[in-house]
Every structure is written in structure tokens, then in C-alpha cells.
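Student: Build me a model:
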Amino acid sequence: VLGLLVWALIANTTYHLHAAYGWVMFVSIFFWILTVLLFVTYLLQLQLKFYMIPWPLMLMIFNILATVLYVSAFITCAAAVQPTSWRQWDYNRRAAASFFACLVMITYGASTFFSFRAWKGLGSNAATSQVTDHA
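Tutor: Purely as a prediction, here's the structure:
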């Protein structure tokens, strides 16, 4: 939802006049589509059919890439906001898009942390960590 807000707010401005917003649009739409596809994959439990894919590793790599690219998109978006714009509604929408890009960046960062823990197996409980090797 937050990623959708980022690209919807920018798409509703005259972003084509500023080259920096093309990068922000690419990152936000690209990762929004990939996130929706991964959500549908997990919702329909399709990851069980593709058992040969290391899903925890793949999700960690996806979240790292999304975090890094959203950091660059947030910085680009925030730096390109001009408070002296002659169109006040463009300024408001771009400033809101910068705010939501920051929230998306933080969200992907948190997802990176949790996917790293899942990849390393750090969130297991006592029942899943029983030792089966008896001496």
C-alpha cells in the first residue's frame, strides 16, 4: 500500500519534466509489482510447489535490493522537491511521496532484518531445535 502511494502521488504530478522522478517511478513501480507477485505467491502457497528455490535466501536478497534501491529513490525524491515550485499541488504531492518513500524504505529495511533471521534460522523455538543426535 505504501509503495502504491509513492508512485501514485508522483504519477499525479508533472514528473516527466524532472528526470529525477523517472528513477523514483521506476523503483516504486518495479518493487510494487514484485511485492504484489510475491504476496500472491505466498497467499496461494505456490512456494510449496517450487521447493527447489531457496525461498528464505531469495526473500532476503529481494529485500536487500529493495532497501538499497529505495534508499536511492528516497534521497532522489526528497532532493528533487522544490518548495518554490509554481504549482503548489505538485510540491505537496512530491513532499508526500518523499515521506511515503521513506516509510517504504524503513519497511523494506525491517523486512530485510526479519528475512535475514529467517534465512539464518534465528527465530526457531525449543520444539524445532531439538537435538536428534544422541551420543
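Student: longest helix in the chain, by residue count?
Tutor: helix 88-120 (DSSP state H).
Student: tell me which residues in that one are buried?
Tutor: 90-91, 93-95, 97-105, 107-109, 111-112, 115-116, 118-119 (16 or more other Cβ atoms under 10 Å). (Each C-beta comes from the backbone N, C-alpha and C, glycine too.)
Student: Show me what that helix is packed against.
Tutor: helix 2-11, helix 20-43, helix 55-80 (3 or more Cβ pairs under 8 Å, 6 or more residues apart in numbering; DSSP states H and E).
Student: what angle separates the longest one from helix 88-120?
Tutor: Read it as helix 55-80. 160 degrees (axes from the mean of the first three to the mean of the last three Cα atoms, to 10 degrees).
Student: Which strands and helices lie in contact with helix 55-80?
Tutor: helix 2-11, helix 20-43, helix 88-120.
Student: Just send these back as a markdown table, with mean pLDDT too.
Tutor: Listed next are these as a markdown table, based on pLDDT from 0 to 100:
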| stretch | mean pLDDT |
| --- | --- |
| helix 2-11 | 85 |
| helix 20-43 | 91 |
| helix 88-120 | 88 |
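Student: could you dump those helices to JSON lines with distance to Trp55?
Tutor: Listed next are the helices and strands packed on helix 55-80 as JSON lines, based on distance: least, Cβ to Cβ, whole Å:
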{"stretch": "helix 2-11", "distance to Trp55": "21"}
{"stretch": "helix 20-43", "distance to Trp55": "9"}
{"stretch": "helix 88-120", "distance to Trp55": "9"}
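Student: Nearest to Ile61, out of these?
Tutor: helix 88-120 (8.7 Å; Cβ to Cβ).
Student: can you list the domains in this structure?
Tutor: 1-44, 49-134 (the TED database).
Student: picking that back up, so which of the helices and strands packed on helix 55-80 gets nearest Met60?
Tutor: Per Cβ to Cβ, nearest to Met60 of the helices and strands packed on helix 55-80: helix 88-120, 4.2 Å.
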